[in-house]
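Q: sequence-free structure coming up:
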């Protein structure tokens with residue numbers, strides 16, 4: 001319910017012409033969501049990276065692995081997202097060969113400052 005209110009507010013605040021924007025276009029977000037750090041930024045996508053722990057039965061130990069995901073960067077969020085930011089991405093339909101996720105929100109900036117519900121730094 002709270003997420004729907006956020007989406008409505010973002011639609012009213014920002015007039016985005018991007019058709020593949022989850023807030024202003026027709027792209028539907030469903031399925032899994034991940035949080036990670038932006039490691040590279042391109043004109044219409046970002047690559048995020050996060051660590052996960054896997055268990056190796058043969059050695060009876062745990063190991064850290066890094067996962068890299070490419071996500072669509074909507075036009076309305078291009079100015080907000082920078083390298084090193086901690087963001088959340090959500091799954092969507094396949095947009096290209098490697099892009100199956102879309103940026104949903106920015107959690108923390110690269111300097112470590114928190115971002116509130118309105119997208120402003122605290």
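A: Received the coordinates, thanks. Since the structure is predicted, the reported quantities are computational estimates derived from the model, not experimental observations.
Q: would residue 67 count as being in a helix?
A: No - counting by DSSP: H, G, I helix; E, B strand; the rest coil, residue 67 is not part of a helix but strand.
Q: Start and end of stretch 30-45, how far apart?
A: Its first and final residues considered, stretch 30-45 spans 18 Å by C-alpha to C-alpha, to the nearest Å.
Q: average pLDDT across that stretch?
A: On average, the pLDDT along stretch 30-45 is 94.
Q: again, but for stretch 89-107
A: 94.
Q: tell me which residues of that stretch are tucked away?
A: Neighbour counts over stretch 89-107 (16 or more other C-beta atoms under 10 Å) mark 89-92, 95, 99-106 as buried. All C-beta atoms are positioned from the backbone trio N, CA, C, and that covers glycine.
Q: mind listing the helices for the protein?
A: For the chain, applying DSSP state H gives helices covering 2-13.
Q: Sketch out the strands for it, chain order is fine.
A: 33-41, 45-56, 61-72, 86-91, 99-108 (DSSP state E).
Q: Switch those over to TSV; also include distance to residue 17.
A: Output for the strands of the chain, formatted as TSV (distance: least, C-beta to C-beta, whole Å):
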stretch	distance to residue 17
strand 33-41	21
strand 45-56	18
strand 61-72	15
strand 86-91	21
strand 99-108	16
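Q: tell me which of the buried residues of stretch 89-107 is nearest to residue 22?
A: Nearest to residue 22 among those is residue 102, at 5.4 Å by C-beta to C-beta.
Q: Roughly how far does residue 71 sit from residue 63?
A: Note on residue 71: its distance to residue 63, by C-beta to C-beta, to the nearest Å, is 25 Å.
Q: Quick check: end-to-end length of stretch 34-53?
A: Note: stretch 34-53 ends 14 Å apart using C-alpha to C-alpha.
Q: No more questions from me, cheers.
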